[in-house]
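Student: My questions are about this predicted structure, shown below with the sequence.
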Amino acid sequence: MNDLLLKEPDVLNPIRAVLLRFRRGAALGDIKKMYNLVWLEDLEMHLHRFLWRNTEEEKINEYNITRVNIGDRPAGCIAQLAMKEETAKLPLFDLHEEERRILEEDDYGDDILTSHNDLQKLDQNTEGLKEILKAGGFFLKPWVRSGQSRETIPGEQGVRTKTILMLPNQKRECDNKTLGVGYLVEEDKLYLMTSINFSKRKMKMRVDQNLLKEELRRRNPNPQTRRELLSQVASLYDQKAILVGKTFKEVGGKTLNQVTWDKPLSDKLREEAIQLFEEYTRLGQITFHRSLTCQLDWKTVGNNIL
C-alpha cells in the first residue's frame with residue numbers, strides 16, 4: 001500500500017529549537033497513542049483490509065483497520081495535521097492564542113515540551129491544551145512538571161495505585177525522558193542517557209545494573225567480539241562510528257559473516273573500546289540544570305549603575 005502513497009512533507013519542528021524553548025517552569029506532555037486516535041475515511045479503510053482467525057479451526061474473516069497506522073508512509077503528517085490544523089484551528093479556540101502557538105511550535109511528534117516563567121500561566125496553558133486536544137479526540141498522559149513528580153491519576157475509587165516490578169535499570173518514577181535527553185523531574189536537571197551494560201536483556205531491558213567506570217576493565221568481556229561492541233554503541237554517536245569502522249577494516253572491510261561477527265577483537269581495538277566505554281560512563285553521570293533563566297541580583301545591578 002505504501003507504494004501508492006506519497007512521502008509526507010516534514011512537518012516536525014526543529015528538535016533543537018523545541019529543546020531550547022523547553023529550558024525556561026516547564027511541563028512535559030505526551031499524547032496517548034497519537035496516530036491511532038485519527039480515524040481513516042471509508043475509502044482509506046479499504047486499503048487497510050486484512051484476513052484473520054484466532055485458531056486453525058475458525059473460519060477466516062475479513063477485517064479492516066479504522067485508524068491511522070504507524071506503518072503508513074504519511075502517518076506522521078496525517079496525525080500532525082489532524083492536531084494542528086483540523087483541531088487547534090477550530091473557531092471555538094480562536095481566543096486560545098498561546099495554546100495554539102504551543103501546539104504549533106513546542107511539539108515534536110507526540111511530545112509537547114512547553115515552559116513559562118510564570119507557573120500560574122503555565123498551569124493555564126496546560127489546561128487549555130487539554131481542552132483543545134480533547135475536542136479532536138486526543139488525550140494526554142498526566143503532565144510532568146519541573147520540580148514535581150508525575151501527577152497522580154484519579155481512578156473510579158480515588159487515586160489508582162499500581163504494583164510495579166522494577167528492573168535494575170528501569171527509570172525511577174521521578175525520572176523521565178524527552179527527545180532523547182534524560183530528565184530528573186524533582187531535581188529539574190537534564191542528563192545524557194549514556195551507559196554501558198553487558199548483561200542479558202529481559203523485556204528489552206538489561207537485567208543488571210549499568211557499569212561504573214571503575215568496573216569496566218574488570219567486567220568488560222575478554223575476549224570481546226564485534227557483536228558485543230556493536231550491541232553497546234548502537235545508540236551512541238560520532239566516536240562509535242569511527243571505532244566500529246576500524247573493526248570492519250581489521251577483518252578486511254568486507255561483509256561480516258557469522259564467524260567474523262564473533263571473532264575476538266585485537267588487543268589494541270579492545271583497549272580503544274574500553275576507553276570509549278569509560279568516557280560514556282562519565283558522560284552519563286553529568287547532570288545540568290534545565291532552566292536557562294538568568295537570576296539577577298538587582299541590588300548589585302543597581303549599585304553598578306549608580
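Tutor: All right, it came through fine. Predicted model only: the values in this text are computed from it and were never measured.
Student: contacts and neighbour counts: CA atoms only from here.
Tutor: Noted.
Student: could you give me the average pLDDT of stretch 118-127?
Tutor: Here stretch 118-127 scores 88 as its mean pLDDT.
Student: Then stretch 284-294?
Tutor: For stretch 284-294, the per-residue pLDDT averages 74.
Student: ditto for stretch 246-255
Tutor: 73.
Student: Quick check: buried residues in it?
Tutor: 247-248 (16 or more other Cα atoms under 10 Å).
Student: what about Leu122, neighbour count?
Tutor: 18 (other Cα atoms under 10 Å).
Student: What separation is there between it and Ser115?
Tutor: 7 Å (Cα to Cα, to the nearest Å).
Student: Also Ile102?
Tutor: Taking Cα to Cα, one finds Ile102 at 9 Å from Ser115.
Student: Which one's more surrounded, those two?
Tutor: Ser115 (25 against 18).
Student: Tell me who's in contact with the nearest residue to the more buried one once chain neighbours are set aside.
Tutor: Using Cα to Cα, 6 or more residues apart in numbering and skipping residues adjacent in sequence, the residue nearest Ser115 is Ala26, 4.0 Å away. Counting by Cα atoms under 8 Å, 6 or more residues apart in numbering, Ala26 touches 113-116, 122, 145-146.
Student: switch to 10 Å and redo it
Tutor: By Cα atoms under 10 Å, 6 or more residues apart in numbering, the residues touching Ala26 are 113-119, 122-123, 144-147, 185, 188, 290-291.
Student: could you flag which of those are buried?
Tutor: 113-116, 122-123, 144-147, 185, 188, 290-291.
Student: among these, which two are most distant?
Tutor: Across those, no pair lies farther apart than Asp123 and Arg290, at 18.6 Å, counting by Cα to Cα.
Student: Let me see the contact set for the nearest residue to Asn197 once chain neighbours are set aside.
Tutor: With sequence-adjacent residues excluded and distances taken as Cα to Cα, 6+ apart, Asn197 is closest to Asn210, at 4.9 Å. The contact partners of Asn210, taken as Cα under 10 Å, 6+ apart, are 168-169, 194-199, 216, 281.
Student: Quick check on these: which are buried?
Tutor: Buried among the contacts of Asn210 (16+ other Cα under 10 Å): 194-198, 216, 281.
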